[in-house]
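Visitor: this is a predicted model, with the sequence first.
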Amino acid sequence: MKKINHAASKIVALTMTVIFLLSISSGLTAMAGETSVTLGSRQVDSGSVEQGVYTDSENLPAIIPTDAPLGMGYGLNGKFIAPITPPEAGAIPISNRAELEAIKNNLSGSYYLAANIDLSGAEWVPIGNYNNPFNGILDGQGHVISNLTSTGDKYKEYNGLFGYVVSGMIKNIGVEDTYIDVPSYCTGGICGYSNNNSFISNCYNTGTITSSTSFVGGICGWNDTMSSVSNCYNAGTVTSSSDCGGICGRSDIMSSISNCYNTGMVTSIGSGGGICGWNDNGFFVKNCYNTGTVTSFSSGGGICGGCDACLVVNCYNTGTITSYHSTEGIYSMMGGICGLARSCAISNCYNTGTVNISTSRGGICGDINPSSVSNSYCLDLYGNPFGIQLTNVQMQDQASFVGFDFSTVWGISPNFNNGYPYLQNLRPGQSISINYTLNITSGTGGTISGSPSAQYAAGEQITLTATADSGYLFDSWTTTGVTLADINAPSITFTMPANSVTLTANFIPQPPELSGDATLSSLAVSAGTLNPTFDPNTISYAVTVGNNISSIDITATANHAKATVAATGTKALAIGANSFNVKVIAENGATKTYTIIVTRAANNNIVTVNGIAINYTMVNGIVVLQPSQKQMSAILNASGSNIVFDLSGQNAVDLYVGAGWFKNIDKTITIITSGGSASVKTKSLWNNSGKTRLVTVRNNNIDFKNIL
């Protein structure tokens, strides 16, 4: 078994465990609604960057801050959780297998990968062992080590890319297509055993890790004594006899796992967890989730298989938890978060995964002895009192999660994680997908709001709105890498494709203000007279014409040069009232309608002169007009300088008037026939003879004579 017999480690473990148990027994059972617990003499706050378990008597490592927004898609292949900075000055570049193996010659050196390395061929010998541990730095710089193979019983302990690490740092490395099948305890994709202030950060494993013994994890077999694993994930299969986890097989003595997730299958005869198989002695796990299936016989949980004097905060599980054997024993304890929790504090967690065992199961914990569960939720408690049961609808409602920090830790959206809360630093569905660049630019004359220029995963919804500045109008979008439904719409939504996208919003200067003048400068008819006299601001007119007028011409002129006039021209007249609308359309689209009602006299031989109706008779095709003196006087008084007898449809007219009716009257009498018009002055018709004058019109010629 484990060869570590450092007296200091044992003292630390004993001291920390006693302190943690005292804290649990003195106050954790009253923690409902709280998210912190005092361990030793420092405060542990679930929202702080340096969350952990502290004592004044120990010099603990400075926890690497992980609460800054991380997002996904970092590294050369887009598969890393956290950003990658340049290697430290003086670090030694590693570009091939031989140089990687040569690290064994200087286990305290600082190294970085300058290329991806394929370990196909000979089986891999782990870097560092119990007698000669690695205590240097290896920065992968986002590169991948692939096809690492280790089989057989040559190494019965401490297996992985690194075997045994003490006070070392491994970061920014991905291991892919790894195949480890050994009888070694302490086996992991990155490291078999990590101890004494060691750090594993921003790493991942997609290979198969199998051991017939204990302490087996996708990233680290055993995370021990104030060491940490952060910003890591496992997508491979992990199998062992006990203490088996997607991230770590075992983690204890003031160590931590934060900002990690597992999607791979975890199988263990003993304790097994989506994140960690067994946790002990002041360990804490924060901001982690599991979606993989966990199968265990002893104790199994979505986050931890078993916990003893530990803290679990801001974690969730959606994977299935099931028993290893079909015949379940009384020692099988399965929970959505923890299978077994002894003297632990679990807060701000939730589970939607199914727990498949008939006894000793719970939506949050299978068994607690004793521990505190606060602000933790599940779809099914399975009769277990630990946690709060919610419906599926409630699980998709932020208001249900009392105690959750949705400002900096949690998020919730119908577009992610089936509508359940997700960790902002580990948004599900994008964890190992490559991100693509969205570049947004705005042309002169406006701005763009909505999704910013950034890296996005394929499938994300992008929403943008272009807003024109004063004096400009939005015109269109210019795109590269995506096709929009409508390039002329200022507000757009599209799905990010699996390629980079560039969009530019184009704006154009707003044209000068268009005229709204929809008035006429003139309006006239070919027969009759407008009543009242035309005025641009008057829109209703009446015209009376004789029965002989069967059509009328309407002419109009717009006041503004860019306005248009509709519905003028020749109009047929029916007997009675005829309504005609002349529509003026201004440059800016405004309209104004002028209405003319033309009344055509009935077929009863009447001609209307200046509003005075005069009967006439037809004698041998000649219109015979014999107005009375009273009628003529009214006509003379109502008219201006002209008196018009409009008989346009007739060929010949005889007008009988009194010679004495026109004394001192200087006006013109005009008679219109089909041949044209003829006029005579009233002065020419006047005399004091008292006789009747006959005015005749024939073929556009007018004549008059005394007849009596």
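Guide: Thanks, I have it.

Visitor: only C-alpha atoms from now on, for both contacts and neighbour counts.
Guide: Noted.

Visitor: over to Gln631: give its phi and psi.
Guide: phi -60, psi -40 (degrees, to the nearest 10).

Visitor: what of Ala634?
Guide: Taking degrees, to the nearest 10 as the convention, Ala634 sits at phi -60, psi -40.

Visitor: tell me the contacts of it?
Guide: Neighbouring residues of Ala634 by CA atoms under 8 Å, 6 or more residues apart in numbering: Ile612.

Visitor: equivalent analysis for Ile247, please.
Guide: Counted by CA under 8 Å, 6+ apart, Ile247 has contacts 217-220, 232-234, 260-262, 274-276.

Visitor: need the residues you listed in a markdown table (columns: distance to Tyr420).
Guide: A markdown table is the format used below for the contacts of Ile247 (distance: CA to CA, whole Å):
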| residue | distance to Tyr420 |
| --- | --- |
| Gly217 | 27 |
| Gly218 | 26 |
| Ile219 | 27 |
| Cys220 | 29 |
| Cys232 | 22 |
| Tyr233 | 20 |
| Asn234 | 22 |
| Cys260 | 18 |
| Tyr261 | 16 |
| Asn262 | 17 |
| Gly274 | 18 |
| Ile275 | 19 |
| Cys276 | 23 |
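
Visitor: take the residues you listed and keep only those in strands.
Guide: Among the contacts of Ile247, the members found in strands (DSSP state E) are Gly217, Cys220, Tyr233, Asn234, Tyr261, Asn262, Cys276.

Visitor: show the end-to-end separation of stretch 311-322, please.
Guide: End-to-end distance for stretch 311-322: 23 Å, by CA to CA, to the nearest Å.

Visitor: if you could redo that for stretch 362-371, that was the one I meant.
Guide: 14 Å.

Visitor: so which bits of it are buried?
Guide: Gly362, Gly363, Ile364, Cys365, Gly366, Asp367, Ile368, Pro370, Ser371 (16 or more other CA atoms under 10 Å).

Visitor: now the two most distant members of those residues.
Guide: Greatest spacing in the buried residues of stretch 362-371, by CA to CA: Gly363 and Pro370 (16.9 Å).

Visitor: show me where this protein has helices.
Guide: With DSSP state H as the criterion, the chain has helices at 7-27, 97-101, 392-395, 629-638, 682-685.

Visitor: ok, now how distant is the residue nearest the centre of the chain from Ile440?
Guide: Centroid-nearest residue in the chain: Thr463, 4.2 Å away (criterion: CA atoms, centre = their mean). Thr463 sits 11 Å away from Ile440, taking CA to CA as the criterion.

Visitor: same question, Val543
Guide: For Val543, the distance to Ile440 - CA to CA - is 65 Å.

Visitor: so, low pLDDT: which residues of the stretch 451-600 of the chain?
Guide: 498 (pLDDT under 70).

Visitor: how about TSV for the contacts of Ile247, with neighbour count and pLDDT added?
Guide: Output for those, formatted as TSV (neighbours: other CA atoms under 10 Å; pLDDT from 0 to 100):
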residue	neighbour count	pLDDT
Gly217	42	97
Gly218	40	97
Ile219	35	98
Cys220	33	97
Cys232	28	96
Tyr233	33	95
Asn234	31	95
Cys260	28	96
Tyr261	31	95
Asn262	32	95
Gly274	43	96
Ile275	40	97
Cys276	38	96
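
Visitor: out of these, who's nearest Gly481?
Guide: Closest to Gly481, out of all of the contacts of Ile247 and judged by CA to CA, is Tyr233, at 31.0 Å.

Visitor: which stretches of the stretch 601-708 of the chain have low pLDDT?
Guide: In the stretch 601-708 of the chain, residues with pLDDT under 70: 603-604, 639, 641, 706, 708.

Visitor: show me where it has strands.
Guide: 606-609, 612-619, 622-625, 642-646, 652-658, 668-673, 676-681, 692-698, 701-706 (DSSP state E, counting those that start in this stretch).

Visitor: need those strands in TSV (columns: mean neighbour count and distance to Asp553).
Guide: TSV is the format used below for the strands of the stretch 601-708 of the chain (neighbours: other CA atoms under 10 Å; distance: least, CA to CA, whole Å):
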stretch	mean neighbour count	distance to Asp553
strand 606-609	22	18
strand 612-619	15	22
strand 622-625	20	24
strand 642-646	20	15
strand 652-658	22	23
strand 668-673	20	16
strand 676-681	17	17
strand 692-698	20	25
strand 701-706	15	25
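
Visitor: export those to CSV and tack on distance to Lys156?
Guide: Below are the strands of the stretch 601-708 of the chain laid out as CSV (distance: least, CA to CA, whole Å):
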stretch, distance to Lys156
strand 606-609, 127
strand 612-619, 129
strand 622-625, 135
strand 642-646, 126
strand 652-658, 135
strand 668-673, 128
strand 676-681, 128
strand 692-698, 137
strand 701-706, 137
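
Visitor: who does the spatially closest residue to Asp469 that is not a sequence neighbour form a beta bridge with?
Guide: Leaving aside its sequence neighbours, Asp469 sits nearest to Gly446 (CA to CA, 6 or more residues apart in numbering; 4.8 Å). Taking DSSP bridges as the rule, Gly446 bridges to Ala468.

Visitor: what's the neighbour count on Gly446?
Guide: 19 (other CA atoms under 10 Å).

Visitor: what residue spans form the domains of the chain?
Guide: 435-509, 520-600, 612-706 (automatic domain parsing).

Visitor: and the end-to-end length of the second one?
Guide: If I follow you right, that is domain 520-600. Start-to-end, domain 520-600 (CA to CA) is 25 Å.

Visitor: look up how far Pro627 lies from Asp654.
Guide: With CA to CA as the criterion, Asp654 and Pro627 are 11 Å apart.

Visitor: re earlier: what's the closest of the buried residues of stretch 362-371 to Ile269?
Guide: For those, the nearest to Ile269 is Gly366 (16.6 Å; CA to CA).

Visitor: isn't that closest one up against Thr322?
Guide: No. The pair Gly366 / Thr322 is not scored as a contact, 11.7 Å apart, by CA atoms under 8 Å.

Visitor: okay, and the common contacts of those two?
Guide: What both Gly366 and Thr322 touch, as defined by CA under 8 Å, 6+ apart, is the set Met334.

Visitor: so which residues of the stretch 1-150 of the chain form strands?
Guide: 36-39, 42-45, 92-94, 110-113, 117-118, 137-146, 149-151.

Visitor: show me the contact partners of the last one.
Guide: Residues outside strand 149-151 that contact it (CA under 8 Å, 6+ apart) are Leu119, Ser120, Ala122, Glu123, Trp124, Val125, Gly160, Thr178, Tyr179, Ile180, Asp181, Val182.
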